[in-house]
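Chemist: Got a predicted model here, sequence first, then my questions.
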Number of protein chains: 2
Amino acid sequence: MAMDADGAGPVVVLVNPQMGENIGAAARAMWNFGLSRLRIVAPRDGWPNPRAVAMASGAGRVLDAARICTDTAEAVADLTTIYATTARPRDLTKLVLSPERAMADARARVAAGERVGILFGAERSGLENEDVIRASAIVTVPVNPAFPSLNLAQCVLLLGYEWVRAELPPDAGAVFETGRGRAATAGELARFLDSLEARLDARGFFWPAERRPSMQGNLRNLFARAALTDTDLQTLYGIVRSLTERQEGGAG
Amino acid sequence: MAMDADGAGPVVVLVNPQMGENIGAAARAMWNFGLSRLRIVAPRDGWPNPRAVAMASGAGRVLDAARICTDTAEAVADLTTIYATTARPRDLTKLVLSPERAMADARARVAAGERVGILFGAERSGLENEDVIRASAIVTVPVNPAFPSLNLAQCVLLLGYEWVRAELPPDAGAVFETGRGRAATAGELARFLDSLEARLDARGFFWPAERRPSMQGNLRNLFARAALTDTDLQTLYGIVRSLTERQEGGAG
């Protein structure tokens, strides 16, 4: 998968973050999904912050390139579309998007040459109303109303995840991996089943005779469902041979 | 939003987790998305674990109800469908699903009365091959190949998020919240625009005359895009009135 790591993705704006550890964890969450542009508005404990650096281990490049801003207005000045992450209901008239819709929208805008950003509030208090007002839309994660306690890095993680998901092709969700061998053809499967059924016939397996069609159908369906590889078929041939030999040896 | 907190969701199985903090963080991530059934296979530091309890704060009920198992076979014995989360490529023939596909599949199976579970491996080593083999499918999160370092709780978080997303109606992604008032009707907007244009006409705004249609079109489009409420219209009437009065006062 090609990961968008060239800085074209959304700018992540952390507004008044408190703990350095959380800034570092947010940087990690960004880089997990290829986001690299971080802006930090008035971090409580100043900058640089050794705790942020320690926590960001492996994603230090995101912190190194971070821009420190004195206020939100400065952080968003060059952006055309801004999303505000907030769970709290607000007395504001504003579009509320799911993370999925927001990042699909963001990707379309970035493709059209826009510069988009996502605002994240301070750990406990979240975004101030004046920062939510700047945004084109609110993004709300559908958390358990009984326990809506996502931390800062988790919220960044979910938005980054949705940013990546928005670029994946629709059929990217299910891949059949054949670690060993290639998928067997229907003809190869039919030859194996013919061979197996001949062995079973010789032992009177399909009995009584009127049940043969349904028994045979179930048997063929069982193997058809299994999505076998050519290697699997060789294994099955070997099993049948082995069982047959033992049976013949015991009886002989 | 109705959150599935009645224990019908997937069972989360942590196989050989090491740090109590990570078990607690995983419990929090579960409960953020309404998952409550946790099974822990042979936790390294024994059980109960005070560090897990401290970290789980607010999601302690998930830990209280957790079942400790001696091996993975015991943990999955009553499950009908098992998903194995792993990022590492394996020499196994197995369906690989995105978190989205896996949880959509899980939801359909749970609705049909199946019992499903998700396996998560130890912090550094991940799942052993023998546990991956038990699974019906592999689940892989599409992380940045240059930084594929999701921690245990983050991985649980993303699966829980997708479990919730799979139950949301398709149109749940965008809601227009009118914190103040209700959405204005087209008729109300038209009356405002008529009023505004009459004022502008009186001041010769639409000049030269041949540009009037395009100027008027742009103006109407600007306000139509804004998705105004009835309260917004009252505000706009007030603004126009205020600007007009000042202008007349200044000129008078």
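Modeler: That came through, no problem. Residues are numbered from 1 along each chain as shown, chains lettered A, B, ... in the order given.
Chemist: So which elements touch the helix or strand A:Arg61 falls within?
Modeler: Using DSSP states H and E, A:Arg61 falls within helix A:60-64. Packing partners of helix A:60-64 (3 or more CB pairs under 8 Å, 6 or more residues apart in numbering or on different chains; DSSP states H and E): helix A:20-32, helix A:50-55. (Glycine included, C-beta is placed from N, CA and C.)
Chemist: Which of those helices sits closest to B:Asp105?
Modeler: Counting by CB to CB, B:Asp105 lies closest to helix A:20-32 out of the helices and strands packed on helix A:60-64; the figure is 24.0 Å.
Chemist: For the following helix or strand past the closest one, which outside residues touch it?
Modeler: Next along the chain after helix A:20-32, taking DSSP H and E as the criterion, comes strand A:38-41. Contacts with strand A:38-41, where a contact means CB atoms under 8 Å, 6 or more residues apart in numbering or on different chains, come from A:11-17, A:23, A:26-27, A:30, A:47, A:62-63, A:65-72, A:74-75, A:117.
Chemist: Now the buried members of the residues you listed.
Modeler: When the contacts of strand A:38-41 are checked for burial by 16 or more other CB atoms under 10 Å in any protein chain shown, the buried set is A:11-17, A:23, A:26-27, A:30, A:62-63, A:66, A:69, A:72, A:75, A:117.
Chemist: remind me which residues of chain A are low pLDDT?
Modeler: Low-confidence segments of chain A (pLDDT under 70): A:1-7, A:88-90, A:170-173, A:176-180, A:246-252.
Chemist: rerun at 80
Modeler: Residue ranges of chain A with pLDDT under 80: A:1-8, A:88-93, A:169-183, A:225-227, A:245-252.
Chemist: Spatially central residue for it, please.
Modeler: Compute the mean C-alpha point of chain A, and by CA atoms, centre = their mean the closest residue is A:Tyr161, 5.8 Å away.
Chemist: That one reaches B:Cys155, doesn't it?
Modeler: No - the criterion here is CB atoms under 8 Å, and A:Tyr161 misses it with B:Cys155 at 10.9 Å.
Chemist: shared neighbours, those two?
Modeler: Jointly contacting A:Tyr161 and B:Cys155 under the rule CB under 8 Å, 6+ apart are B:Val141.
Chemist: quick one on the thing from earlier: only C-alpha atoms, please: export the helix holding A:Arg61 in PDB.
Modeler: This file holds the C-alpha atoms of helix A:60-64, laid out as PDB (Å, rounded to 0.1, in the frame of the first residue of the first chain):
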ATOM      1  CA  GLY A  60      10.600  11.900  16.000                       C
ATOM      2  CA  ARG A  61      10.600  13.300  12.500                       C
ATOM      3  CA  VAL A  62       7.000  14.500  13.100                       C
ATOM      4  CA  LEU A  63       8.100  16.400  16.200                       C
ATOM      5  CA  ASP A  64      11.200  17.700  14.600                       C
END
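Chemist: Pull up the pairing partners for the helix or strand that comes right after that helix, direction included.
Modeler: As assigned by DSSP H and E, the chain's next helix or strand after helix A:60-64 is strand A:67-69. Using DSSP bridges, strand A:67-69 pairs in its sheet with strand A:38-41 (parallel).
Chemist: Strands of the stretch 1-150 of chain A, start to end?
Modeler: A:11-15, A:38-41, A:67-69, A:81-85, A:93-97, A:116-120, A:137-139 (DSSP state E, counting those that start in this stretch).
Chemist: Could you export the ones you listed as CSV, including distance to B:Glu188?
Modeler: Formatted as CSV, the strands of the stretch 1-150 of chain A follow (distance: least, CB to CB, whole Å):
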stretch, distance to B:Glu188
strand A:11-15, 36
strand A:38-41, 38
strand A:67-69, 40
strand A:81-85, 28
strand A:93-97, 15
strand A:116-120, 32
strand A:137-139, 23
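Chemist: secondary structure element for A:Phe205?
Modeler: A:Phe205 belongs to no helix or strand, assigned by DSSP H and E.
Chemist: Leaving out sequence neighbours, find the closest residue to it.
Modeler: Of all residues not flanking A:Phe205 in the chain, A:Met215 sits nearest, at 7.8 Å (CB to CB, 6 or more residues apart in numbering or on different chains).
Chemist: In terms of helices and strands, where is that neighbour?
Modeler: Residue-wise, A:Met215 maps onto helix A:212-225 under DSSP H and E.
Chemist: after that helix comes which helix or strand?
Modeler: Following helix A:212-225 toward the C-terminus (DSSP H and E): helix A:230-251.
Chemist: to the chain's geometric centre, what's the distance from that next one?
Modeler: The chain centre lies 42 Å from the centre of helix A:230-251; the measure is CA atoms, centre = their mean, to the nearest Å.
Chemist: same thing with stretch A:216-231?
Modeler: Worked out by CA atoms, centre = their mean, stretch A:216-231 lies 31 Å from the chain centre.
Chemist: Dump that stretch to PDB, keeping only the CA atoms.
Modeler: C-alpha atoms of stretch A:216-231 as PDB (Å, rounded to 0.1, in the frame of the first residue of the first chain):
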ATOM      1  CA  GLN A 216     -22.100 -36.400  -2.700                       C
ATOM      2  CA  GLY A 217     -23.400 -32.900  -2.800                       C
ATOM      3  CA  ASN A 218     -22.500 -32.200   0.800                       C
ATOM      4  CA  LEU A 219     -19.100 -33.600   0.300                       C
ATOM      5  CA  ARG A 220     -18.400 -31.500  -2.800                       C
ATOM      6  CA  ASN A 221     -19.700 -28.400  -1.100                       C
ATOM      7  CA  LEU A 222     -17.500 -29.000   1.900                       C
ATOM      8  CA  PHE A 223     -14.400 -28.900  -0.200                       C
ATOM      9  CA  ALA A 224     -15.600 -26.200  -2.500                       C
ATOM     10  CA  ARG A 225     -16.100 -23.900   0.500                       C
ATOM     11  CA  ALA A 226     -12.600 -24.400   1.700                       C
ATOM     12  CA  ALA A 227     -10.900 -22.300  -1.100                       C
ATOM     13  CA  LEU A 228      -8.100 -24.800  -1.500                       C
ATOM     14  CA  THR A 229      -4.700 -24.300  -3.100                       C
ATOM     15  CA  ASP A 230      -2.900 -26.800  -5.300                       C
ATOM     16  CA  THR A 231      -0.700 -27.600  -2.300                       C
END
